[in-house]
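>>> any chance you can model this:
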Amino acid sequence: MNTIHVNDLNDDRLSLYIGYNEPQLLHINEPGPGAFIAETPMVIERALDMGAVPLSFFVEERSLDTDTVQRLLQRAGDPVVFTAALDVMNHITGFNLTRGVLAAFMRPPLPDPGKILSSSDRLVVLEDIVNPTNIGAIFRSSAALAAQAVILTHGSSDPYYRRSARVSMGTVFQIPWTYFPEGTDPVHLLHKYGFTVISMALVEDAVPITEPVLKRDKKRALVFGAEGSGISEKTLEQSDHKAVIPMHNGVDSLNVAASSAVALYELFTAARP
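Residues are numbered from 1 along each chain as shown. Prediction:
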């Protein structure tokens with residue numbers, strides 16, 4: 001293990017951790033694979049479980065010899081490990097949530113959309129959701145509540161972004177996901193692969209999620225849209241069903257992350273054959 005102690009965050013060797021924003025990391029090696037940063041031991045462990053290739057670790061010096069960090073480093077083979085004192089690492093935004101360890105990984109290739117569509121019966125679709133916290137929370141619910149895969153439109157935030165991966169508790173590395181091919185009509189493609197498309201939307205002709213018709217077909221794609229703007233009119237017009245969670249006390253809707261948990265439980269977990 002090659003351990004390098006640093007005293008200055010301006011050290012060029014730390015550029016992956018502090019020199020690039022996440023969209024830049026995504027494209028850093030084009031046409032080769034990009035990179036992503038994972039934080040917290042659980043997230044890093046799940047990235048390793050998926051087979052993601054670590055490029056280096058950045059560890060707070062007091063955490064280096066803990067059993068948890070040593071186990072991660074052992075699993076990673078012979079990684080380069082940067083260490084720094086807590087007061088140095090505190091300059092990295094969000095360090096207080098990393099539990100002393102960050103890791104840079106090479107981005108793995110995404111699955112082919114056709115492979116996911118042909119091998120899944122319970123699919124989550126995210127249309128132009130840009131908030132990384134919501135992305136991460138929806139992935140966590142998807143993994144926990146019987147979704148088999150997630151497909152996103154290109155207007156959505158990247159699930160491998162550091163905050164998304166952390167909020168998801170690393171489930172972005174456990175559940176298959178990819179993007180719809182650019183230039184394709186998502187609902188048309190879903191129908192082509194035999195999916196019944198259910199859009200979660202606060203519209204007049206939406207039915208409660210408890211309606212039996214929503215659970216009738218085996219192949220179901222559950223669509224969620226962004227906060228505020230919601231699902232596009234085109235997607236709503238093409239959907240087979242529009243569904244809503246009944247509300248009380250004058251509340252009209254839930255945050256998309258919270259609504260995803262309720263809808264997934266009702267339409268995927270509770271409805272499993």
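
>>> domains for the chain, by residue range?
2-106, 113-269 (automatic domain parsing).

>>> now the strands: where do they sit in the stretch 151-273 of the chain?
177-179, 196-200, 207-208, 220-225, 241-244 (DSSP state E, counting those that start in this stretch).

>>> and those as a markdown table, adding distance to residue 44?
For glycine as for every other residue, the C-beta is placed from the backbone atoms N, C-alpha and C. Formatted as a markdown table, those follow (distance: least, CB to CB, whole Å):
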| stretch | distance to residue 44 |
| --- | --- |
| strand 177-179 | 19 |
| strand 196-200 | 32 |
| strand 207-208 | 41 |
| strand 220-225 | 28 |
| strand 241-244 | 37 |
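
>>> and the domains of the chain, which is most packed in?
The highest mean neighbour count among these, using mean count of other CB atoms under 10 Å, belongs to domain 113-269: a mean of 19.

>>> may I ask you to name the longest strand in this protein?
strand 53-60 (DSSP state E).

>>> that strand packs against which elements?
Using 3 or more CB pairs under 8 Å, 6 or more residues apart in numbering; DSSP states H and E as the contact test, the elements touching strand 53-60 are helix 15-18, helix 67-75, strand 80-84, helix 86-89, strand 101-106.

>>> try it again at 6 Å.
strand 80-84, strand 101-106 (3 or more CB pairs under 6 Å, 6 or more residues apart in numbering; DSSP states H and E).

>>> how about residues contacting it?
By CB atoms under 6 Å, 6 or more residues apart in numbering, the residues outside strand 53-60 that reach it are 17, 69, 76, 79-83, 86, 89, 100-106.

>>> what about 7 Å?
14, 16-17, 35, 69, 73, 76, 79-84, 86, 89, 100-106 (CB atoms under 7 Å, 6 or more residues apart in numbering).

>>> equivalent analysis for stretch 142-149, please.
Here stretch 142-149 has contacts from 116, 120-124, 150, 171, 174-177, 261, 264-265, 268-269, 272, using CB under 7 Å, 6+ apart.

>>> so how far is stretch 227-238 off the chain centroid?
21 Å (CA atoms, centre = their mean, to the nearest Å).

>>> what helix or strand is the closest residue in space to residue 160 that isn't next to it in sequence on?
Leaving aside its sequence neighbours, residue 160 sits nearest to residue 36 (CB to CB, 6 or more residues apart in numbering; 4.3 Å). Assigned by DSSP states H and E, residue 36 belongs to strand 35-39.

>>> that strand versus strand 101-106: what angle between them?
160 degrees (axes from the mean of the first three to the mean of the last three CA atoms, to 10 degrees).

>>> re the thing from before, test my guess that the residue nearest to residue 160 contacts residue 24.
No: with contact defined as CB atoms under 7 Å, residue 36 does not reach residue 24; the gap is 11.3 Å.

>>> adding distance to residue 43 and mean pLDDT, write the helices and strands packed on strand 53-60 out as TSV.
Output for the helices and strands packed on strand 53-60, formatted as TSV (distance: least, CB to CB, whole Å; pLDDT from 0 to 100):
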stretch	distance to residue 43	mean pLDDT
strand 80-84	17	93
strand 101-106	9	94
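
>>> as CSV, those with distance to residue 31 would be great.
Formatted as CSV, the helices and strands packed on strand 53-60 follow (distance: least, CB to CB, whole Å):
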stretch, distance to residue 31
strand 80-84, 24
strand 101-106, 14
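
>>> residue 192: which of these is closest?
Closest approach to residue 192 among those (CB to CB): strand 101-106, 32.8 Å.

>>> now do the closest one: distance to the chain's middle.
16 Å.

>>> parallel or antiparallel, which strands does it pair with?
Using DSSP bridges, strand 101-106 pairs in its sheet with strand 35-39 (antiparallel), strand 53-60 (antiparallel).

>>> now do it against helix 67-75, angle only.
20 degrees.

>>> send me strand 101-106 as CSV with only the CA atoms.
Listed next in CSV are the C-alpha coordinates belonging to strand 101-106 (Å, rounded to 0.1, in the frame of the first residue of the first chain):
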residue,chain,number,x,y,z
VAL,A,101,-12.7,8.1,4.1
LEU,A,102,-13.2,9.0,0.4
ALA,A,103,-12.3,6.9,-2.6
ALA,A,104,-12.0,7.8,-6.3
PHE,A,105,-13.2,5.2,-8.7
MET,A,106,-13.2,4.6,-12.5
